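> From the sequence below, what's the structure:
(one chain, ligands or ions: 1)
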Amino acid sequence: MKKKIKFSISNIENQDIKLVSKILKSGWLTHGKYTSLFEKEFSKFTGANYAVSLSSCTSGLHLSCLASDFKKGDEVIVPAQTHTATAHAVEYTGAKAILADIDFETGNLKLDEIKKKVTKKTRGIILVHMAGYPCEIQKIKKFCATKKITLLEDCAHALGTYKDKIHVGNFGKAGCFSFYPTKQITTGEGGMLITNDLRFYKKIKMLKAFGIDKDIKDRKIPGDYDVKFLGFNYRMTDFQSALGYRQLLNYNRNLKKRHQIAKRYIKNLSKINDIKMMPYSKDCSFFVFQIFSEKRNKIIKEFKKLDIGFSIHYPNSLPKMSYYKKKYNLNLANFKNAINYGNMNISLPMYPKLKNNEIDFICKNILKALEI
Ligand SMILES: Cc1ncc(COP(=O)(O)O)c(C=O)c1O
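Here you go, the predicted model:
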């Protein structure tokens, strides 16, 4: 039986579309009220003092690296198994992205591996909470404080991820979130940066808008501002902010459903020998539900046959990417866990609209694929 199950379905409702249309008709498309509403709601949700909306998570990571003063001659440690944006953000500044192998069990960077990579030039670390599973961040934070290393968090997968009841993104200097279409909430493209440091926040605000020193509402006459830095245009539009704001208001419901789905996957799949998966964690945001198998190709073949959507995060780890491999002459033997992770993981559908019978269908066919 062929059954179409999408990998990802966004949580955008008809009312949200009506609101976007109202904003489009209003003519006030940027710098509007929904941008500040979204930022306020985001800082409330994450418990951070400040939140800045951005055009993407990548732009947030880029600005975080700039505001942390990373520059040529500096080294910043990032996981080898992540989206290329994490490492690119470092490279944009002229600093070197130092790739470190991950822990295979969690997909995250661990302190032991970080210690192996630290040199006199290390100025920063960017952690990724892979698939929404929190890193051992308290330990890493303490280490960074003793070494005077700036800690940044790539929270692209981690809206709704907690560690010791604190939302991630609050442990380092900044945390950056993504609203790309497959993410827990989406604005098409978009991102948010959180920080608890007022000076850092002010710098990010300027850097995101050309280096201009005054918000539009604070200008006495249009265009009357000074430019203090070589900034960028990394703004989010007001209609995107409205979409994000509305989804965030309902996000706790979305998150609860993700946890229910994860529990059902775990219950269904734990009997299958050829699969590994993370244990359930109440702290995880379940951006996706990942399973690991040496027989992944069999599962993929079955999914394609049945039209079941899936993704892989990520098939090619960064040391395999030409840009990094060539630039730093990397030896793949030093990244065994990242490479295995890339070879074995498969991300299953995960979204509130996913039905129980669809989860059961997916699981049943994973079992079938592995038995063939
Ligand atoms: C871990 C990670 N970091 C950064 C990004 C970049 O996010 P964006 O597309 O919002 O720039 C992604 C994108 O999916 C990601 O998965």
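
> residues touching the residue of the stretch 201-350 of the chain found nearest the ligand, list them.
Residue nearest to the ligand within the stretch 201-350 of the chain: H313 (7.0 Å; C-beta to the nearest ligand atom). No exception for glycine: its C-beta is placed from N, CA and C like everyone else's. By C-beta atoms under 8 Å, 6 or more residues apart in numbering, the contact set of H313 is 130-131, 288, 290, 345, 347.

> Contact partners for F232?
59, 62-63, 207-210.

> Sort out which residues of the strand ranked longest in the chain are buried, please.
Longest strand in the chain by number of residues (criterion: DSSP state E): strand 122-128. Buried residues in strand 122-128, counted by 16 or more other C-beta atoms under 10 Å: 122-128.

> hmm, who's touching it?
61, 65, 68-70, 74-79, 82-83, 86, 89-90, 95, 98, 108-109, 114, 135, 137, 140, 144, 147, 149-154, 156-157, 172.

> ok, now stretch 303-312?
1-8, 182, 288, 299-300, 302, 342, 345-349, 361-362, 365, 369.

> From those residues, which land in strands?
Reading strands off the contacts of stretch 303-312 with DSSP E, I get 345-348.

> and those residues as a markdown table, adding neighbour count and pLDDT?
Formatted as a markdown table, the ones in strands among the contacts of stretch 303-312 follow (neighbours: other C-beta atoms under 10 Å; pLDDT from 0 to 100):
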| residue | neighbour count | pLDDT |
| --- | --- | --- |
| N345 | 25 | 97 |
| I346 | 22 | 97 |
| S347 | 20 | 97 |
| L348 | 26 | 98 |
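
> tell me the contacts of the closest residue to I166 other than its chain neighbours?
Excluding the flanking residues, the one nearest I166 by C-beta to C-beta, 6 or more residues apart in numbering is G47, at 6.8 Å. Residues counted as contacts of G47 (C-beta under 8 Å, 6+ apart) are 166-167, 170.

> who wins for most neighbours among those?
When neighbours are taken as other C-beta atoms under 10 Å, the top entry among those is H167 (22 neighbours).

> helix or strand for S21, which one?
Secondary-structure assignment from DSSP states H and E places S21 in helix 14-26.

> quick revisit: between the buried residues of strand 122-128, which is nearest the ligand?
V128 (4.8 Å).

> separation between the closest one and P181?
19 Å (C-beta to C-beta, to the nearest Å).

> that older thread, export the contacts of H313 to a markdown table and tack on distance to the ligand?
Converted to a markdown table, the contacts of H313 look like this (distance: C-beta to the nearest ligand atom, whole Å):
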| residue | distance to the ligand |
| --- | --- |
| M130 | 8 |
| A131 | 9 |
| V288 | 10 |
| Q290 | 13 |
| N345 | 13 |
| S347 | 11 |
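
> Kindly reformat these as JSON lines containing distance to S317.
Shown next, in JSON lines, are the contacts of H313 (distance: C-beta to C-beta, whole Å):
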{"residue": "M130", "distance to S317": "12"}
{"residue": "A131", "distance to S317": "15"}
{"residue": "V288", "distance to S317": "17"}
{"residue": "Q290", "distance to S317": "14"}
{"residue": "N345", "distance to S317": "11"}
{"residue": "S347", "distance to S317": "15"}
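
> Return the closest of those with respect to F104.
N345 (10.0 Å; C-beta to C-beta).

> Select the longest helix from this protein.
helix 251-269 (DSSP state H).

> Tell me which residues are up against that one.
Contacts for helix 251-269 (C-beta under 8 Å, 6+ apart): 11, 45, 159-160, 184-185, 247, 275, 277, 279-280, 282, 284-286, 289, 291, 348, 350-352, 354, 356, 359-360, 363-364, 366.
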